[in-house]
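**Q** Next one to model:
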Amino acid sequence: MAGRLLVSAVAAACGGALVLWLLLSQERLPVAESVFPPDRNGDLLRDDVGDMIAARFAGNAAAFAASSQLARAWQRAVRQTDPARLGPEVTQVRYAMSCVLSEHTLGKAKVDAQTMLHFLDLLHARMFDTPARRQLWQQYERSASRIPYGETPLNPCRFDIAALAG
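**A** So this is what the prediction gives:
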């Protein structure tokens, strides 16, 4: 309420047109928590996305784990709306991408890099399948592009890929 009164007072003092234009031209970003539906099965991933990964990599635990790691990293990263706190999330997305495209994962998945990249394109399209979700991704990309790359660990996967069946 106080904010509206202040805006009204400033608009009246400035003739209104410029202030009104500034208010209307500001980009409205969706609230990240409201954009992603609840996770009913508790795997920290949107259920339809988890189902898509499971359908593609049924019986291949390594490829399933790596793809899920990337999807979770994407989902967590776009929920971080404070650019000052985005660094760790960007790092996790980069590690997850390195994991899913590693020789170990591709070998266990029995696919080449091009096939996996095609699946990742489909996965990304599913993850960000609404205007609000795409807007969150674009906001993330703008912020993430300013964060320098660090060293990628020898095993960027958050699991022991050698122990999983492929």
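**Q** Quick one: the helices in this protein, in order.
**A** Taking DSSP state H as the criterion, the chain contains helices spanning 2-13, 17-25, 32-35, 47-56, 61-79, 87-100, 103-109, 113-127, 131-144.
**Q** What pLDDT is listed against Ala71?
**A** The score at Ala71 is 96. That number is its pLDDT.
**Q** Could you measure from it over to Met52?
**A** When CB to CB, to the nearest Å is applied, the distance between Ala71 and Met52 equals 9 Å. Just so you know, the C-beta spots here come from the backbone N, C-alpha and C atoms, and that holds for glycine as well.
**Q** what touches both of those two?
**A** Leu123 (CB atoms under 8 Å, 6 or more residues apart in numbering).
**Q** among the helices of the chain, which is the most enclosed?
**A** Mean neighbour counts were compared across these using mean count of other CB atoms under 10 Å; the top stretch is helix 61-79, at a mean of 23.
**Q** That helix - contacts with which helices or strands?
**A** Under the contact criterion of 3 or more CB pairs under 8 Å, 6 or more residues apart in numbering; DSSP states H and E, helix 61-79 touches helix 32-35, helix 47-56, helix 87-100, helix 103-109, helix 113-127, helix 131-144.
**Q** orientation of that helix relative to helix 87-100 in degrees?
**A** In this structure, helix 61-79 runs at an angle of 160 degrees to helix 87-100, with axes from the mean of the first three to the mean of the last three CA atoms, to 10 degrees as the basis.
**Q** okay, the angle between helix 61-79 and helix 47-56?
**A** Using the same axes, to 10 degrees: helix 61-79 against helix 47-56 is 160 degrees.
**Q** how far does helix 61-79 sit from the chain's center?
**A** Its chain's C-alpha centre and that of helix 61-79 lie 9 Å apart, by CA atoms, centre = their mean, to the nearest Å.
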